[in-house]
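In: Give me the fold of what follows.
(4 chains)
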Amino acid sequence: MKFGKMVLAVCMGLAMLGQAEAKEWKHITIATEGAFPPWNSTKPDGSLEGYEIDLYKDLCKRMNVECTMVTQAWDGIIPALTAGKFDAIMAGMSATAKREKIISFSESYGTTGQTFAVARGSDLEKMPHFGEVFSLESELPQAEKAVEDIKPFLKGKIIGVQTASIASVFLDKYLKDTAEIREYKSTEQHDLDLLAGRVDVIMASMGYLSTAAAKEGNSDMVVAGPRFQRGILGRGSSVGLRKEDTDLRDMFNKAIAQAKADGTIKKLSDKWFGFDVTPH
Amino acid sequence: MSHASFWELMNFGPDGWGWSMLRAAGMTVMVALAGFILGGFIGTFGAWAKIAGNRPVRIAADAYTTILRGIPDLLVIFLFYFGGSLALSAVYRAFGGEGFVDFPGFAAGAMAIGLTSGAQHTEVFRGAYYAIHDGEIEAARAAGMTRMMMLRRIIMPLLLRHALPGLGNIWQVVLKESALVSVTGMIELARQAQIGAGSTRQPFYFFIAAAILFLAITFVSNRVFRFSEAHFSRGVRGAR
Amino acid sequence: MASPSMTQPGVPDQDMALAGPFADAQMSDQKTAISIRNLHKNFGDVEVLKGIDIDVAEGQVVSILGSSGSGKSTLLRCVNFLESPTMGEITIAGETIRTRSGNNGDLEAADMGQLNRLRTNVGMVFQGFNLWSHKTVLENVMEAPVFVQKRPVAECHDEACAYLEKVGIYEKRFSYPAHLSGGQQQRAAIARSLAMHPKVMLFDEPTSALDPELVGEVLRVMRALADEGRTMLVVTHEMGFAREVSNRVIFLEQGWIEEDGAPQTVFGASRSARFRQFIAAQPH
Amino acid sequence: MIDFPFMYEALMRLLPGIPMTLQLAFIASAFGVFFALAAALMQLSGNVVLRSVADFYVFCIRGTPLLIQIFLIYYGMGQFDFIRHSFMWPILREPYWCAIFALMFNTGAYGSQIVRGGLLSVPRGQVEAARSCGMSQVLIYRRIILPLAIRQALPAYGNEVILLLKATSLASIITLMEITGLAAKMISETYRVVEVFLVAGSLYLLINFILSRGVAVLEKRLMRHTAAERPSSRIAARGAA
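Out: Numbering: from 1, shown residues only, chains lettered A, B, ... in the order given. Coordinates of the predicted model:
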């Protein structure tokens, strides 16, 4: 019967879609978000650009594998990796202890820290410690003092942050009782709401915010307040991988180490961020 | 905050978003169509199960339609998107494969849509079957037709005629549901509009453009359905 | 053809009759309850009523006969403007309905307030009963007195019960229309229109939708109303009712009044060949 | 394979989302009914302008996905200075009200088709009877047409409320923490999609089950007047006849 044939065809088709990856990696599918400039973003024609787009091409050349890049919405990116939709994540994702329970990370290929942005002309622009960087690992007391210093400014305000981001973890820990926290699916959405006046502050990666603020149409957005990194914020953006693919992690680590050593990472970060994001 | 006009954004030059939006509209139609056809197969089977199946089969079909009508489509798409890969991989490994079965966003979206619309297809086909007069089937039997011939020559054409208006409604629903597939990262209209809105900070223009494209698709497909409804009804009426 | 003289109420000897406890009609002198003047009604190009003049005196029971399509229902429906006349004048209890030209060439009421007030003077009983299906029988009867005439609820309730008693379905007052037989429904509908204390009652083929065995119970109620001296305009196919109960018979043919007079006269020796033909064709 | 303690934890975390889900659905359908009624009356009115406006509204809403409508109202409106400086902004600023608006417009358009069907189903004769009693047009609508139309439309409208309840899940994309929003947040922390969504799905299923039972009970109450529903009263009627 026709129906039976159809079912058979569909099943066979599905089976062919799924070629198991061979043990030695010849082809890697890497996922990014495509909405987190300058790390990664989408151009009008649908193609991708950004620091990670340039970087993955370099790394794949070093690993001598063929790579394809796909986009995936941020809040489903880790489940999609574990579900086997792709093999690696390069989406400005910071390696945190919490995420490492589920997936593994390579060495970091960039870190800019997390900071705030506010609307130009608002009182929040005057938050103290602007331009200072605090490590939540080695300088924890100072960092926590800085948080106390900005609390009076944030009292009763609304902070926008991307769901499942390290900034949201930070806010959850330090500012949950001070301000109302609203979670967005993508960083661009909280930018829109900052400009529209629905939220008073947003928190995201320094690299993202400084680029976003420089963008045309965002002249009303300014970076403010202290910058935090390390600790619960993780050790910088890294390639996210399935735990069992240790061989792939070793390959990425080796390639990243090479790219750091020969200055490729510095060169690319200067191009995209305007400053060096090489982690040390 | 905005400066560029609607037409500056939506032009078809190298910096314009016109082609991207059109491409995304094409993707919307493709994934909706794939889901609709898949839903049709599921619905055929479901209707058969409800009409002619034995008790357990009927209960299963009822459970399927009840559950899928009771939970949000967004959840179904999520579940299917993530759960689908896991399940397929498990099956694949059970048969001795290694690693992961890739499950592309398009297939996931189409299948999720197919699964949700299948529940509606089931009800439409069932209703259409019951709308066929017993006399018409009896007459076919009296004319000495075999079961298969009766199905092919009498029941199917009549079924289609009764089902067409319902199918038109389902198509509308499916078309709109395809917007939810954007959560799987597939770049269809809704997702493309979000990307454009984010990149240019002009959300209104992008979402209105997406809305207009959806309306255009709706309008055209409405016409197609109305035409085919008229066609099928005329044919049958003429034969009477 | 209707001659002007036919429009006069021609049956003084039948001037009756015992006023029942609910009768509003005055017996003293013959006031005109309804006056229809030069009534025309077109449906598109079809002329259904071609100039009707009727004066109904208080206490008169007028049967309107005619073959189907003769315009008798339309005539009745024009009286309370359920159908908009194309031309003409309706006067109810001495008050003429004010009209103006509507969009489609027909007349329309110039003052809806006046029309609605006059409508409460005219009770109407329909062929299809038209009881409000979401209300009980009692609610149906109380609806207009309470919400249109704004009379005290308690008073309306007691009166409604009395009317239901009168038409013989008091024990059904809490039932919904769908639970009643056709005859019961029609009697409820009669009670409903009585409850407004109408000066005139219009009956639009009240027994046509009923099974033959249920016709009698409705006719009995109508006969009782006639005996009370109520003014009634009845479109009917019941020859028995026309002959025995009404004191005036109007025969409508192709939009004209073909015959108008006392039943004895009309049924006895009609001048109209059409009417004699019509009578002959009726089942007995 | 199924981790029950985790599912229990998920249930406990999703339960607080129920009030938000119910609020969105009920407030939106309460307001939406008026849109539905207004659009239906406009569509049935003889006035060409009114009818065209209503037709256009219904066409636009039914022809576009709710997702786009929500985005358009939430992000799209916020794009314009004149809206951000208008008296509406204190309301449009809140994602909660934007979601309500979007859901309300949406259900209004779908509901109007149901209401229109209900209005058209009112028997002409019963309206004529009301008219012959001298009822004004307003009174006829209030006492006869609407009560009858509501009874007719109720089952379909109940279905629409269930669809609306499912649609509230989209409010999560504009930061509202209803059931799906909480589920998405929990997934972002635990990365366990299937279990969390199974729990969320069951919650929706349960709410919709209760809702549909409620509609059925209401329907039974309102449908007392139809003979088929109450054999007992038919027997009573026959006995007394």
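In: low-scoring pLDDT stretches of the chain, where are they?
Out: Since no chain was named, I'll use chain A. For chain A, the stretches flagged by pLDDT under 70 are A:1-23.
In: my bad, chain D
Out: D:1, D:226-241.
In: Quick one: the helices in it, in order.
Out: Secondary structure of chain D (DSSP state H): helices located at D:4-14, D:18-44, D:48-63, D:66-71, D:77-78, D:81-84, D:89-92, D:95-121, D:124-132, D:137-140, D:146-167, D:179-190, D:193-222, D:231-240.
In: Quickly check: the fourth one near chain A or not.
Out: No - interface with chain A: helix D:66-71 contributes nothing (Cβ under 8 Å from any Cβ of the partner chain), its closest point being 9.4 Å away. For the C-beta atoms, the positions are set from N, CA and C on the backbone; glycine is no exception.
In: how about the CA coordinates for that helix, as PDB?
Out: Presented in PDB, the C-alpha positions along helix D:66-71 are these (Å, rounded to 0.1, in the frame of the first residue of the first chain):
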ATOM      1  CA  LEU D  66       0.000  35.400  17.600                       C
ATOM      2  CA  LEU D  67       3.800  35.400  18.100                       C
ATOM      3  CA  ILE D  68       4.100  38.200  15.500                       C
ATOM      4  CA  GLN D  69       1.200  40.100  17.100                       C
ATOM      5  CA  ILE D  70       2.800  39.900  20.500                       C
ATOM      6  CA  PHE D  71       6.200  41.100  19.100                       C
END
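In: and that helix, how far from the chain's centre?
Out: With Cα atoms, centre = their mean, to the nearest Å as the basis, helix D:66-71 stands 16 Å off its chain's centre.
In: Phi first, then psi, for the most centrally placed residue in chain A.
Out: Geometric centre of chain A, nearest residue: A:G92, 2.6 Å, by Cα atoms, centre = their mean. A:G92 has phi and psi values of phi 60, psi 30 when expressed as degrees, to the nearest 10.
In: Show the contacting residues for it.
Out: Neighbour list for A:G92: A:33, A:36, A:39-40, A:52, A:110, A:205, A:207-208, A:237 [criterion: Cβ atoms under 8 Å, 6 or more residues apart in numbering or on different chains].
In: among the helices of chain D, which is the most enclosed?
Out: helix D:66-71 (a mean of 25; mean count of other Cβ atoms under 10 Å in any protein chain shown).
In: Need the max-distance pair from the contacts of A:G92.
Out: Farthest apart among the contacts of A:G92 by Cβ to Cβ are A:E33 and A:G110. That separation is 14.9 Å.
In: what are the ranges of the helices in chain B?
Out: B:6-9, B:18-52, B:55-70, B:73-78, B:84-94, B:105-131, B:134-142, B:147-150, B:156-177, B:189-200, B:203-239.
In: Include distance to D:L120 and mean neighbour count when you put the ones you listed into TSV, please.
Out: Output for the helices of chain B, formatted as TSV (distance: least, Cβ to Cβ, whole Å; neighbours: other Cβ atoms under 10 Å in any protein chain shown):
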stretch	distance to D:L120	mean neighbour count
helix B:6-9	40	14
helix B:18-52	29	20
helix B:55-70	26	15
helix B:73-78	30	24
helix B:84-94	44	17
helix B:105-131	21	23
helix B:134-142	30	12
helix B:147-150	37	12
helix B:156-177	17	19
helix B:189-200	35	26
helix B:203-239	21	16
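In: mean pLDDT for those helices: which is lowest?
Out: The weakest mean pLDDT among the helices of chain B belongs to helix B:84-94, with a mean of 68.
In: Of all the residues in chain B, which one is nearest chain C?
Out: Nearest residue of chain B to chain C: B:Y130, at 25.6 Å (Cβ to the nearest Cβ).
In: Before we move on, what's the pLDDT of C:G20?
Out: 39.
In: what about the residue nearest the centre of chain B, distance to B:G144?
Out: With distances taken as Cα atoms, centre = their mean, B:F36 lies nearest the centre of chain B, 2.6 Å away. B:F36 sits 37 Å away from B:G144, going by Cβ to Cβ, to the nearest Å.
In: element containing the residue in the stretch 101-250 of chain A positioned nearest to chain C, please.
Out: Going by Cβ to the nearest Cβ, chain C is nearest to A:R198 of the stretch 101-250 of chain A, at 47.0 Å. Of the helices and strands defined by DSSP states H and E, none includes A:R198.
In: Surely it is in contact with A:K157?
Out: No - judged on Cβ atoms under 8 Å, A:R198 makes no contact with A:K157 at a distance of 11.6 Å.
In: Neighbour count for the two, which is higher?
Out: Legend: neighbour count by other Cβ atoms under 10 Å in any protein chain shown for A:R198 and A:K157, higher for A:R198 (24 against 18).
In: Can you show me the helices along chain C?
Out: Assigned by DSSP H, chain C shows helices spanning C:72-79, C:112-119, C:137-143, C:153-167, C:182-194, C:212-227, C:239-244, C:263-268, C:273-281.
In: out of the ones you listed, which comes closest to chain B?
Out: Of all those, helix C:182-194 comes closest under Cβ to the nearest Cβ, at 30.0 Å.
In: still on that earlier bit, just send the helices of chain D back as JSON lines, with distance to A:M63 too.
Out: Output for those, formatted as JSON lines (distance: least, Cβ to Cβ, whole Å):
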{"stretch": "helix D:4-14", "distance to A:M63": "37"}
{"stretch": "helix D:18-44", "distance to A:M63": "47"}
{"stretch": "helix D:48-63", "distance to A:M63": "49"}
{"stretch": "helix D:66-71", "distance to A:M63": "39"}
{"stretch": "helix D:77-78", "distance to A:M63": "44"}
{"stretch": "helix D:81-84", "distance to A:M63": "49"}
{"stretch": "helix D:89-92", "distance to A:M63": "50"}
{"stretch": "helix D:95-121", "distance to A:M63": "44"}
{"stretch": "helix D:124-132", "distance to A:M63": "79"}
{"stretch": "helix D:137-140", "distance to A:M63": "78"}
{"stretch": "helix D:146-167", "distance to A:M63": "46"}
{"stretch": "helix D:179-190", "distance to A:M63": "30"}
{"stretch": "helix D:193-222", "distance to A:M63": "30"}
{"stretch": "helix D:231-240", "distance to A:M63": "78"}
